[in-house]
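J.: okay, predicted coordinates and the sequence, questions at the end:
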Amino acid sequence: MFGKVIGRRLIFSAFILLAVSLLVFGATLLLPGDAARAILGQQATPERIAALNEQLGLNQPAWQRYFSWLGGLFVGDFGTSTASGGSVAQLLGERVGSSFILMAAAAIISVPLGIGLGVYQALHRGGRRDQAMTGLSLVFAAMPEFVIGIGLIAIFATSVFQILPAVTLAPPGEPVWGRPEQLILPTLTLILVVTPYIVRMMRATMIEVLDSGFVEMARLKGVPEKRVIMRHAVPHALGPVAQVVAIQLAWLAGGVVVVEFLFRYPGLGQALIDAVTYRDVQVVQAISMLVAAVYVVVNLAADVVGILTNPKLRSAA
Amino acid sequence: MTTETTTVHHDDANVPNEKIVLRVTDLKIATTAGNEILHGVNFALSRGEILGLVGESGSGKTTAGLACMGHFREGLKFASGSVSLWPRGDDTAVEVVELDEVAVRSLRGSRIAYIPQDPALSLNPAMRVGEQIREVLDIHEFGKSEAERTERVAAVLVDVGLPGDKAYQKRWPHQLSGGQQQRIGIAMAFAMYPDVLILDEPTTGLDVSTQAVVLDTIRQMTVANNVAGLYITHDLAVIKDISDRVAVMLRGDLVEEGPVESVLQDPQHEYTKMLMSAVPDLAGRKTIGEGAAAEPEPESKATHILVSDKKSKSEDTNESARAQDPADSAGGAATSASAPLLQVTDVALAYGKAQILDGINLTLEPGDCTLLLGESGSGKTTLSRCIAGLNDDYSGAVRLRGQELAKSTRKRTNEQRVGIQYVFQSPFSSLNPRRSIGQSLTVPLEMSGEGTAASRKAKVDEALDSVRLGRSFYHRRPGDLSGGERQRAAIARALVNQPSVLVCDEITSALDVSVQASIVGLLRTLREEHHLAMLFVTHNIALSRHIADNLAVLNKGTIVDYGPTAQVLETPKHEYTRTLIADVPKF
Amino acid sequence: MSTNTNSLDDLKSAAVDGGEVPKESQTTYTPFFKRVLAQKQGKIGLTLTIIVLLLAFCGPLLLPWATGNTATEFVAKPFSPHGLFGSDNLGRDVLSRFFAGGLTLIVYSVLATALGMILGAIIGMLAAYVGGTFDAIIMRLNDVILAVPQLVFALLAITVLGPQGWVLVTVIGVTHAPRIARVARSATLGVITEDYILAAEMYAMPRWKVLLRELLPNITGPLSVEAGLRLTYSIGYIASLSFLGLGLQPPAADWGLMINENRIALSIQPWGVLLPVIAIALLTIGTNLLADSFARATASTSVEA
C-alpha cells in the first residue's frame, strides 16, 4: 500500500514537471516577434541575427522546438547560452554545487531550530518569552531577504563590526567552501528568513495537538509530561509541519537568488540574474526547471514524512 | 454568587463512612480570569457504587469530574475546597488538589482512572491499541516483570469483551469501531485496578445498541473490581440504568443528591422536577414541553414546572384515536380528493455498492405526524433530504398531492417548493451567522417572489410570533441566540411560506433535554394551529408517543416496521424494533 | 484507495493554510477593525504602515524643499552642506531621492495584491463550490504554478517581456492567485458544508447569490488575513526585483534601486542604503503585523457555540 501511494505521488510529480516545462517553454513564445533582435539589440548585424535564429532553432515550428528542448533536458543538454556561447549545462554545472551548499547549510540549521523553538513556544504559550518570540518571528518573516542581508552586512561586515566578509572573496574556480567564513552571512540570512515560518507552523500545530483529546487522555493516564510531548504530541505535529518545511525549502531555491546576488556568491542565483539581464533565455529556462525539480523532490519527501507519521495513511487498505 | 445554594440530600450516605473512597468537599473552581464556575460542590464516591452526575451543557459537570483527578483544563484553576482520596490498603487520605505534579501523576491512571467522552479523539491515532494499554502499566510499574504486564494487557482486553491476542493488540485505533474503541478506553482505565473511575459521557457518540453493550461492560467491571465510579452525563435515562446514586448539577451548583430511585421518582428541587418532566418516556405517560410553546426560554427559567398529568391523558387518547384512523383527519385541506398529501413510493438510493435506501414507501396525510426512527447510518437524513429535494440521486417518486416532484429542489415549481419545508438538525449551522434573523427568514419569501418588502416583513414577524420568539428577534444575529432560540428561528423560516408538509430532521438532537421538550411542545402547538403534516426524523424512540401518530422504523435503508405509533410500540413486527425498544433505558 | 491521496492532499492544504489562517468562525459579528485595534500587533502594525505610507505619498510634495543640494564630488558625507543625508555616487541628494522613491513600490504592490486577491478568491470559491472534476483540474493547475517560486517566475517573465511596470504587477498578481485560491478554497469548503448554504440551495437561491451573499461574507476573515500577507510579500518581491536591477530602471528614484546603486559605498556613506532599507523593513513589518492581527481578530470571534 505504501508503495502504491508513493507511486501515485511519483506519477503526479512527473506530471507537475512536465506541465512546468510546458509553462517555461511557453513563456518564450511570448518573446517579441523578432526575438533575436530583441535579445541582441538594435545594433545587431543581420548575420548575427540569422545565426542566433539558427542557434535558437527559431526557424522550426514551436512544437518541434519544445520536443527537442525537452528531449535535451532528459540527457542533460540544457541548450546553449546566447550570452557566453558556451553550453548551459557546463555554465551551471560549476555553480550547482555552490548553491546546494548554501541551501543545505541553511536547511540543516533552520529545520531543527524551527521545530525546537516552535515546540518550546507551544509549551510556554502565552508567556512573555512566547510573546517576544512570536513578535520576532513576525518581524523576520515580514522583511525581504535583501533587507535582512544588508542589515547583517551593516552589523557584521561594515559599519558596526568588521569581522566577516561582506561579499564572497573566492576567485572564480576556487570552491566556495575553501573559505568557510564567507558562507556565514549568506547562510545566516537564509536561516533568518526561513526559520520564522517553521517556528510559527510548529507552534500552531503543537498547540492544536496539545489541546487534543488524546493528549489530555495521556496526561490523565499519568504519563510524564516529557513523554506526553515526545511520544504523543510531537509525532502528530510533524506531518503537517513537514509540508511547511517542504514549501520553505522549495522557497529557498528561489530566495537564494537574491541572497547570492547580494553577497556576489558564485551560485545558480547569480547566474540567473546575469541571464535575465542579458535575456539569456535558455539559461533562465534551465534554472527554472532545476528549481521546479527541487520543489517536487522536497514535496515528495514531505509526503513520505506525512505518510510515516500517520498510520491511517500508512495502513489503510 | 450571594445566595448560597443548598443541596437537597435524600439520605445521609454522604456523611463520612468507611465505604467512601473519594470525597469532594466545598470544591470551588474559577476561570483564570476569576469567574467562579463551580460554587462549592460536595459529593462522595463509595466502593462498588456508581454516582451519576447529571446536568445540562455548561453545568460544570465535566469540570467537577476532572477536578477529582487534580486536572483543570486550559483557562481554569482550582479556587478552594478539598478532594480527598482513600487509596486501597491505605488508612490516611490523600489530598488530591494539594499534591505536586509527580505525586498527582502517580495517582492518575493507577488509583483514579478516566474514561473519556469520545474514544475516537482520545486514543492516540499513531499508537497501536495494545501499546496504549501497556503504556499505563509501564508508567505505573505494574507487577514485577515484563511478562506480567504483557499478560495483564491481554487479560484486561478479555475482561472488556475484546480478543486479547497479539494481532488485536497490534491494531490501530482507526481500525476499530466506535464501540470497540470505547472498550479499549475502558480496558485502559481498569488495567491498574483503580479505586476510582471517572466516566465522562462515555456512551454519547454511540448508537443505542452499542451503548447498551458498553454500559453492561462498565457495570460488570465496576462491580467485579469493586471500584467507585463517577458517571458524568446529560442523559437521565442512562443514569437510571447504570448508577446507584445520582447528583444533579445546575450552573456550578449541586442541587440534589441521593439514591437513584428516590431522586428520580421523588425529586425535591424545582430543577430536578423540571428535568424529569422534560425527559421523554417511551410509554408516553407524561406530556413533555407542555406550555413550553408559550415560554420561549425555559432553559433560563429553571424553576418553571412543566408537568401536567390531566392534559397528558386526554392528549394520549386523542392521539391514539387519530392514529387508528389517519384518513379521518385529512379533512378538507386536501386539494386533490383521493391522492394523499405526501406520498413516497419505492425510493431507493445507492452510492456504489453501498445501498443507502431501498424501496421506501411512506404516506403523509394533512395534519398527520409520522415519526421516522433510525440510528446513525440508517439513511434517515438521506431520505428526508430526498423528500426536500436536497438530494437528487434517488430513484422512485415523491408525490405532493398526487403530483410527482422533480428530484432536485431547483427543478421543482415554486408551489411545490413552498409545499414542503425542511428544518435542519443543527441550529448552530442552519442560520448564516453574518445575516440577521430577519434577513435569513425573508429568503424563502424572496425566492418565491412573493409580495413587497413590507408584506414580507409582516409575514416574517408573524412567523416569529408563532414560534414564540417575538418580533424583536428580527434584527438579531444567530450568534446572540441560544440553541433553542436558534432552532425556533429555523422553524419560523420553514413556516413563513405556509407549507403543508414540514420535514424535521433530528431537530432536537443538538439541544439539551429541557429545550428539546419545549421544541416538541412548540411543534405540537404549531401542528394544531397550522394544520401541518409533519415528518419528524429522530434516533430517539422515546419521543414517539410525544409527537407522532404514526411510526416508521428505518434500519439499514429499509423500513422494517410502519404503522400507528401505539401499534408499533406494543406489537412490533420486526426483530430490530423489538431490540430497539428493549435497549431503551426505561423510566 | 483514492481516499489515501485525498487525505494526503487535505493534509497538505491544511498545512499550507494552517500556519497562517485560523479556523473559520461561525459566531457573532462584531466590528472587525475594533478587534484588530484592540491588539498590540494591530496598533503597532497600523502605525508603522501609516507612517511609511505618509512618507511615500507626501514625500514627493516635500521635494522642492529637499532637492537642490547637488554635489559635484563623488559621494558626499551626510550632515554636510550637501544635503542632510549626503549624496550618492552620482552626486544626487539622498534625502530627496528617498522621499521620491516609495510611491511606485507601494502602488505596484497594492495593484499586484488586488489582482491576485480578485483572481484567487474567484478561482478558489468556484473550485470549492462547483467541486468535482472542475475543482480537481483547477487545483492541479495551481500545483503546477506553485512548483516555481514567485521570484523565479517573475524573472522568467522579465526575461521575455522586459522590466516594465505592468509586467511586474501582472506576474506577481498572477502568481499570488493560486496561493490565495488555496486559502479561499479551503475556507469555502469549511463554510459550504454549513446547513445555511444548503438552506439557500433549498430555496433555489440563484447560485451567484449563494456565492455572494451566503459564502463570501463568511470567508472575509481568512481572505483579509491573506490580503495582508500577500501585500507584505508583494512589497518584498517588487522591492527585491528593483534591488536586483530588474524593476524600475535608472535614473528613476526607487528604494530598491537606491539600495542597489549605493551598496558599494555602504561603508563610506551608509545612508543611501540604510534609509530605504529601514523604510522597506518598517513597511513590511507593519503590513505583516496587521495581517497577524487580522488573523487573531478572525479567530477571536469563534466562541464555541
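T.: Nice, thanks for sending it over.
J.: name the residues of the stretch 101-250 of chain A found near chain B, please.
T.: With Cβ under 8 Å from any Cβ of the partner chain as the criterion, the stretch 101-250 of chain A comes near chain B at residues A:211-214, A:216-225, A:227, A:231-232, A:235-236. To be clear about C-beta, it is placed using only N, CA and C from the backbone, and glycine gets the same treatment.
J.: and these, which are buried?
T.: Applying 16 or more other Cβ atoms under 10 Å in any protein chain shown to those, the neighbour count classes A:212-214, A:216-224, A:231-232, A:235-236 as buried.
J.: which residues touch the closest residue to chain A within chain C?
T.: Nearest residue of chain C to chain A: C:Pro149, at 2.6 Å (Cβ to the nearest Cβ). By Cβ atoms under 8 Å, 6 or more residues apart in numbering or on different chains, the contact list for C:Pro149 reads A:Ala250, A:Trp251, A:Ala253, A:Gly254, A:Gly255, A:Val291, A:Tyr295.
J.: helices - which of the buried ones among the residues of the stretch 101-250 of chain A next to chain B land there?
T.: Here DSSP state H is the test, and these give A:Gly213, A:Phe214, A:Glu216, A:Met217, A:Ala218, A:Arg219, A:Leu220, A:Pro235, A:His236 as lying in helices.
J.: most widely separated two among the residues you listed?
T.: Spatial extent of those (Cβ to Cβ) is set by the pair A:Leu220 and A:Pro235 at 19.4 Å.
J.: what's the closest of the contacts of C:Pro149 to C:Ala56?
T.: The nearest one, if we look at these relative to C:Ala56 and count by Cβ to Cβ, is A:Gly255, at 25.2 Å.
J.: what residues are up against that closest one?
T.: A:Glu145, A:Leu190, A:Val193, A:Val194, C:Pro149, C:Leu151.
J.: on the three-state scheme, B:Gly396 is what?
T.: Here B:Gly396 is recorded as strand under DSSP: H, G, I helix; E, B strand; the rest coil.
J.: that one: what's it in contact with?
T.: Here B:Gly396 is in contact with B:Val344, B:Thr345, B:Asp346, B:Val347, B:Ala348, B:Gly359, B:Ile360 (Cβ under 8 Å, 6+ apart).
J.: if we can go back for a sec, chain C: which of the contacts of C:Pro149 is nearest?
T.: The closest of the contacts of C:Pro149, once distances to chain C are taken by Cβ to the nearest Cβ, is A:Gly254, at 2.6 Å.
J.: look up how far A:Val305 lies from the residue nearest to the closest one when sequence neighbours are not counted.
T.: Nearest non-adjacent residue to A:Gly254, counting by Cβ to Cβ, 6 or more residues apart in numbering or on different chains: C:Pro149, 2.6 Å away. For C:Pro149, the distance to A:Val305 equals 21 Å [Cβ to Cβ, to the nearest Å].
J.: just the buried residues of the host helix or strand of A:Leu10, please?
T.: For A:Leu10, the host element (DSSP states H and E) is helix A:2-28. Neighbour-count burial for helix A:2-28, with 16+ other Cβ under 10 Å as criterion, is recorded at A:5, A:8-9, A:12-13, A:16-17, A:19-21, A:23-25, A:27-28.
J.: one more: stretch C:253-265?
T.: C:Ala253, C:Asp254, C:Trp255, C:Gly256, C:Leu257, C:Met258, C:Ile259, C:Asn260, C:Glu261, C:Asn262, C:Arg263, C:Ala265.
J.: again, but for stretch B:378-393
T.: B:378-391.
J.: now do stretch C:214-221
T.: For stretch C:214-221, by 16+ other Cβ under 10 Å, it's C:Glu214, C:Leu215, C:Leu216, C:Asn218, C:Ile219, C:Thr220, C:Gly221.
J.: hmm, it touching chain B?
T.: Yes. Using Cβ under 8 Å from any Cβ, stretch C:214-221 reaches chain B at C:Glu214, C:Pro217, C:Asn218.
J.: looking at the residues you listed, which are in helices?
T.: C:Pro217, C:Asn218.
J.: next, give phi and psi for the residue nearest the centre of chain B.
T.: The centre of chain B sits closest to B:Ser509, judged by Cα atoms, centre = their mean, with a distance of 5.4 Å. Reported as degrees, to the nearest 10, the phi and psi values for B:Ser509 are phi -70, psi -20.
J.: ditto for the one 5 residues further on
T.: Dihedral pair for B:Ser514: phi -70, psi -30, per degrees, to the nearest 10.
J.: so it makes contact with B:Gly55?
T.: No. B:Ser514 is not in contact with B:Gly55 according to Cβ atoms under 8 Å; the separation is 11.2 Å.
J.: interface residues of the stretch 51-200 of chain A facing chain C?
T.: A:135, A:138-139, A:141-147, A:150-151, A:153-154, A:158-159, A:166, A:197, A:200.
J.: please convert the buried members of those residues into ChimeraX selection syntax.
T.: Selection of buried members from those for ChimeraX, criterion 16+ other Cβ under 10 Å:
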select /A:135,138,139,141,142,143,144,145,146,147,150,151,153,154,158,166,197,200
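J.: among the residues of the stretch 51-200 of chain A next to chain C, which ones are in helices?
T.: If you go by DSSP H, these have A:135, A:138-139, A:141-142, A:145-147, A:150-151, A:153-154, A:197, A:200 in helices.
J.: how about those residues in a markdown table, adding pLDDT?
T.: Output for these, formatted as a markdown table (pLDDT from 0 to 100):
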| residue | pLDDT |
| --- | --- |
| A:Gly135 | 89 |
| A:Leu138 | 89 |
| A:Val139 | 90 |
| A:Ala141 | 88 |
| A:Ala142 | 89 |
| A:Glu145 | 89 |
| A:Phe146 | 88 |
| A:Val147 | 91 |
| A:Ile150 | 89 |
| A:Gly151 | 89 |
| A:Ile153 | 88 |
| A:Ala154 | 86 |
| A:Tyr197 | 89 |
| A:Arg200 | 88 |
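J.: what is the nearest of those to chain B?
T.: A:Arg200 (20.1 Å).
J.: look up how far A:Tyr120 lies from the closest one.
T.: In terms of Cβ to Cβ, A:Arg200 sits 13 Å off from A:Tyr120.
J.: what do you get for B:Gly352?
T.: From B:Gly352 to A:Tyr120 the distance is 48 Å (Cβ to Cβ).
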